[in-house]
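Novice: Okay, structure incoming, though there's no sequence with it:
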């Protein structure tokens, strides 16, 4: 059994919009600005494949991975390239860009391995989006408060919580903003931007970064 938000892509996007407000779409606007035309993109934990809508006019080769069969089947029916794959077990392919949005805090025991593997496979950049606990955003504060209540009442967690049917919601680990910054700095040089209650981190491939400096 999965919670209601994970039964359909539109319900997922609706739930995320409640939590993040307008900042939910702002993240995709930012990511779309980073991604160059005619590039290849792997979207890990793609959910509703919302990112694809923001880059579809750039002639990119988009591929989404997710473990939610409802999301995968829905997008495949519409002709989208989305695969039912576990990024912590599958071989990560080489891509110009790899995007990991709202995933790492769900896989706290395997997050570092995934980041390191993706860094090896990027031709241009790895883009990661993660929430932090000490956000001043009303939606994020309310979500954090409700999470504490849900975790005490299991049947509520199963219905309207973060029970995605794959990862244990009790294993979710969301860091403070400072801890998140320190965490991402462990993996090397990066650029960070805050959007609401989330941190967007960009790691550029070293060769690609040097090319950009000369432009």
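Specialist: Arrived safely, thanks for sending. Just so it is clear, the model here is predicted, and its values are computed rather than measured.
Novice: Count the neighbours of residue 77 for me.
Specialist: A total of 8 residues lie near residue 77 under the criterion other CB atoms under 10 Å. C-beta coordinates here come from the backbone N, C-alpha and C atoms, glycine included.
Novice: Chain neighbours aside, what residue packs nearest to residue 85?
Specialist: Of all residues beyond its chain neighbours, the one nearest residue 85 is residue 65 (4.3 Å), with distances taken as CB to CB, 6 or more residues apart in numbering.
Novice: what's next to the helix or strand containing that neighbour, contact-wise?
Specialist: Under the criterion of DSSP states H and E, residue 65 resides in strand 61-66. With contact meaning CB atoms under 8 Å, 6 or more residues apart in numbering, strand 61-66 is reached by 39-47, 49, 51-52, 55-56, 72, 75, 80-85, 87, 90, 95.
Novice: Can you point out the buried residues in it?
Specialist: Under the neighbour-count criterion of 16 or more other CB atoms under 10 Å, strand 61-66 has 62-66 buried.
Novice: What strands flank that strand, and is each parallel or antiparallel?
Specialist: Sheet pairing of strand 61-66 (DSSP bridges) gives strand 40-44 (parallel), strand 82-84 (parallel).
Novice: what's the longest strand in the chain?
Specialist: Using DSSP state E, we find that the single longest strand of the chain is strand 122-131.
Novice: Who are the packing partners of that strand?
Specialist: Contacts defined by 3 or more CB pairs under 8 Å, 6 or more residues apart in numbering; DSSP states H and E place strand 122-131 against helix 23-34, strand 95-101, helix 111-121, strand 198-204, helix 206-214.
Novice: I'd like to know how far residue 53 sits from residue 39.
Specialist: According to CB to CB, to the nearest Å, residue 53 and residue 39 sit 16 Å apart.
Novice: the more surrounded of the two?
Specialist: Shown here are residue 53 and residue 39; by other CB under 10 Å, residue 39 has more neighbours (19 against 13).
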